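Chemist: The following comprises the amino acid sequence and a computationally predicted model.
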Amino acid sequence: MILFIRQILFNIAFYGMTVVCCLVLLPFTLLPRKIYVVFLTMYFQLVHILEKYILGLDFEIRGAENIPKDGAFIVAAKHYSAYETMKPHVLFRDPAIIMKKELQFIPIWGLLAMKARMIFINRGSREVALQSIVDGAKRIRDEGRPLVIFPQGTRVSVDDTVEKRPYKGGIIRMYEASGMPILPLAMNSGLFWEKKAFFKYPGTVIFEFLPVIPAGLDGKVVMEQLKTGIEAASARLVTEERERRACKD
């Protein structure tokens, strides 16, 4: 019952705050982008506060020493739910996120995302999508910003295999065209916030940054290293949380 009440309170607070923040942020789009991004980041920090104090859901960072201190880089992240899509602005400074083009046309929200200079891709055509990813990656590289991509291209469950949800080749095209290194990011968020699920569970999500894959390596080698590293680390984090819950029960 308490868990259900938490969900109701969180949804009311989250969606209500999001509507208010979108309206408040709208006039800030007229200001220089650097100022706008400060207020945008505050919104995502407020979301984290709601998660922490209403849902009881927090996060922990491991492998922070692997995060590049400066320059542009690609973040290749596991993707379980909406949870991790709201964390790049908390984890990084002024990140760009690759998202489907349809989101660009959401009233107000699309304008805010465009002001933040996200990368929108048209998934209707593979070649057009790949070209927009490559062009966007080069732009973000020149701006010196981190670029976040979910290599599997969609949300997955914690037990999905790479055979069922394979890694897409777009990240390798970005890697080769932009000359940016890749920072792999594993996590276990799918145990707390599942895709398309109403209930979110209290606990601590683990974000684990793996060692950086340097620029200039063979694309096939990089893809294999990404899949092996992210999948193994994410599976380990999921197992760790499941064992913790089993001991608690």
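Modeler: In hand now; what should we look at?
Chemist: Name all residues that make contact with Glu84.
Modeler: Glu84 is in contact with Ala77, Lys78, Met187, Ser189, Phe207, counting by C-beta atoms under 8 Å, 6 or more residues apart in numbering. Every C-beta, even on glycine, is put in place using the N, C-alpha and C of the backbone.
Chemist: The biggest helix by length in the chain: which residues count as buried?
Modeler: Longest helix in the chain, counting residues (DSSP state H): helix 219-248. Applying a neighbour-count criterion of 16 or more other C-beta atoms under 10 Å, one finds 222-223, 225-227, 229-231, 233-234, 237-238, 241 buried in helix 219-248.
Chemist: Stretch 50-63 now?
Modeler: Of all the residues in stretch 50-63, those buried under the rule 16+ other C-beta under 10 Å are Leu50, Glu51, Ile54, Leu55, Gly56, Leu57, Phe59, Gly63.
Chemist: Surely the second one is within a strand?
Modeler: The one in question is Glu51. No: looking at Glu51 with DSSP: H, G, I helix; E, B strand; the rest coil, it is helix, so not inside a strand.
Chemist: Strands along this protein, start to end?
Modeler: Taking DSSP state E, the strands of the chain run over residues 57-62, 73-77, 96-100, 119-121, 146-149, 182-187, 203-209.
Chemist: would JSON lines of the ones you listed with distance to Val38 and mean pLDDT be doable?
Modeler: Shown next, in JSON lines, are the strands of the chain (distance: least, C-beta to C-beta, whole Å; pLDDT from 0 to 100):
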{"stretch": "strand 57-62", "distance to Val38": "21", "mean pLDDT": "98"}
{"stretch": "strand 73-77", "distance to Val38": "21", "mean pLDDT": "97"}
{"stretch": "strand 96-100", "distance to Val38": "16", "mean pLDDT": "88"}
{"stretch": "strand 119-121", "distance to Val38": "21", "mean pLDDT": "87"}
{"stretch": "strand 146-149", "distance to Val38": "17", "mean pLDDT": "96"}
{"stretch": "strand 182-187", "distance to Val38": "23", "mean pLDDT": "98"}
{"stretch": "strand 203-209", "distance to Val38": "22", "mean pLDDT": "98"}
